Every structure is written in C-alpha cells, then in structure tokens.
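K.L.:
dropping a prediction and its sequence here:
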Amino acid sequence: MHNEIEKTLITEEDIQQKCQEIGEQLSKEYEGKFPLAVGVLKGALPFMSDVLRKMDIHVEMDFMDVSSYGNEMRSSGEVKIVKDLDTKVEGRDVIIIEDIIDSGLTLSYLVDLFKYRKANSIKIVTLLDKPEGRTVDIKADITGFSVPNEFVVGYGLDYQEKFRNLPYIGVLKPEVYGGDN
Ligand SMILES: O=P(O)(O)OC[C@H]1O[C@H](OP(=O)(O)OP(=O)(O)O)[C@H](O)[C@@H]1O
Ligand SMILES: Nc1nc2[nH]cnc2c(=O)[nH]1
C-alpha cells in the first residue's frame, strides 16, 4: 500500500496532534452541553474516532452516509442519503464531523438538512479543506489542515475504497489511477 503513495502531505504525528487540539477546543466550547456529533461516513470515521476520544465531556455519536462521488475522483454534483441518522436533530447542538470539504456540496446539503430539522446549533469540523475545489460557498468552523487541489487519500479518504486505513494523508502515484486526475 505505502509504495503506491507518491508523497506524504500530512504525517500521522501531525494528524494526532491536531486531533488533540480540536478535541480540547470542542470540550471547552460545549462544556455543560450534550452535543450530537454526526460523522459523515465513510471518510470521517478515523478522524471522528480520534477527536472524540480527546474530548472529556459527554457527546452523543451518530452517523450519516451521504454520497456524491461513487467510485470516481470527481463529485457527481448530486448528493444522496445512503444512511440517515437514528437520532432526532431538533433542539440539538450538532457537530458535523467531516474528513474533507472539496466542492462543499456534501456539507451545504447537510447544513440545510439540519437547519430544516431545527437543530439548535450546527458546527462544521473538518480535518481537511481544499479551498480551490469549492463550487458552493461554505466554510468550516474548525479546519485541521488546508490541502492543495490534488486528489488525496488516507486516514479515511479512499480511492476506489482503498487507502482509508493509511494512517497519514498522501497523494497517489499517477500509475495507480492511470494518470487521469
Ligand atoms: O465537498 P465535497 O465535494 O462534497 O466532497 C466531500 C465529501 O466527499 C467525500 O465523501 P464520498 O462521497 O467520497 O464518500 P466516502 O466518505 O464514503 O468516501 C468526503 O468524505 C466528503 O464527505
Ligand atoms: N479520497 C478523496 N475523496 C475526496 N472527496 C472530495 N475530495 C476528495 C479527495 O481529494 N480525495
């Protein structure tokens, strides 16, 4: 697996340090509350798991699976719910946990949905932001790292369902995807 990576963009150590900082920040911001952390499957799983374990307040976990990419490297532009929440959002302080904001379509869809469902507050926490990919205007409240306009993999992010278990963020060698990025 590692020999298919052309370069490392963010090391495992830097990711873990960032998770610690974000976990501490969220613990302070939600002290005395019981927020609902919504992980966006599948990519957010490692990040959500690491951040929430750095929090020292109670937090409820739930998951949504929303897809706009299929097996491709570009967004289809159409967001669809594959798995909805089990939890009622009305009146809750929702923390959306994402691995990456690229076009912004996934998050703008989710923010609209949670507003419609009458969340008390909505905060967006993303490990990665790719500002050059944006086609809709949306910003995270907390961002781990900015990345260049390249297709990245690792730490939850896949290429054709592979590389999610890589502990760092990297860029694939062109021969892995046939050079058509
Ligand atoms: O800002 P956007 O252009 O909408 O892209 C961001 C979304 O794309 C990826 O999910 P994907 O649909 O590939 O599903 P996955 O997490 O299961 O890989 C990623 O995990 C984000 O949810
Ligand atoms: N794996 C992966 N998924 C994405 N979804 C949106 N942007 C990206 C990206 O750069 N890499």
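P.N.:
In hand now; what should we look at? Ligands and ions are numbered 1, 2, ... in the order given.
K.L.:
alpha carbons only for contacts and neighbour counts from here, please
P.N.:
Will do.
K.L.:
let's see stretch 161-171 as CSV, backbone CA atoms only.
P.N.:
Only the C-alpha atoms of stretch 161-171 are listed here, as CSV (Å, rounded to 0.1, in the frame of the first residue of the first chain):
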residue,chain,number,x,y,z
GLU,A,161,-12.5,2.0,-1.5
LYS,A,162,-8.7,1.5,-0.8
PHE,A,163,-6.3,3.6,1.3
ARG,A,164,-8.8,4.5,4.0
ASN,A,165,-6.7,2.7,6.6
LEU,A,166,-3.5,4.6,5.7
PRO,A,167,-2.6,6.5,9.0
TYR,A,168,-1.4,9.6,7.1
ILE,A,169,-2.6,11.8,4.2
GLY,A,170,-0.9,11.4,0.9
VAL,A,171,-1.1,11.7,-2.9
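K.L.:
can that stretch be said to contact ligand 2?
P.N.:
No. Figure legend: stretch 161-171 not in contact with ligand 2 (Cα under 6 Å from any ligand atom); closest approach 8.2 Å.
K.L.:
give me the contact list for stretch 170-181.
P.N.:
Residues outside stretch 170-181 that contact it (Cα atoms under 8 Å, 6 or more residues apart in numbering): 4-10, 73, 150-154.
K.L.:
let's see it at 10 Å
P.N.:
Outside stretch 170-181, the residues within contact range by Cα atoms under 10 Å, 6 or more residues apart in numbering are 2-11, 73-74, 150-155, 157, 159-160, 163.
K.L.:
of the residues you listed, buried ones?
P.N.:
Neighbour-count burial (16 or more other Cα atoms under 10 Å) is assigned, among those, to 5, 8, 10, 151-155, 157, 159, 163.
K.L.:
what subset of those is also close to ligand 1?
P.N.:
Answer for the buried ones among the contacts of stretch 170-181 near ligand 1 (Cα under 6 Å from any ligand atom): residue 157.
K.L.:
closest one of the buried ones among the contacts of stretch 170-181 to residue 118?
P.N.:
Nearest to residue 118, judged by Cα to Cα, of the buried ones among the contacts of stretch 170-181 is residue 157 at 30.0 Å.
K.L.:
quick check: pLDDT value at the closest one.
P.N.:
On the pLDDT scale, residue 157 is placed at 97.
K.L.:
please name the nearest non-neighbouring residue to residue 134.
P.N.:
Spatially, and ignoring its direct neighbours in sequence, residue 134 is nearest to residue 103 (3.9 Å; Cα to Cα, 6 or more residues apart in numbering).
K.L.:
assign residue 23 to helix, strand or coil.
P.N.:
helix (DSSP: H, G, I helix; E, B strand; the rest coil).
K.L.:
again with residue 106
P.N.:
Taken by three-state DSSP, the conformation at residue 106 corresponds to helix.
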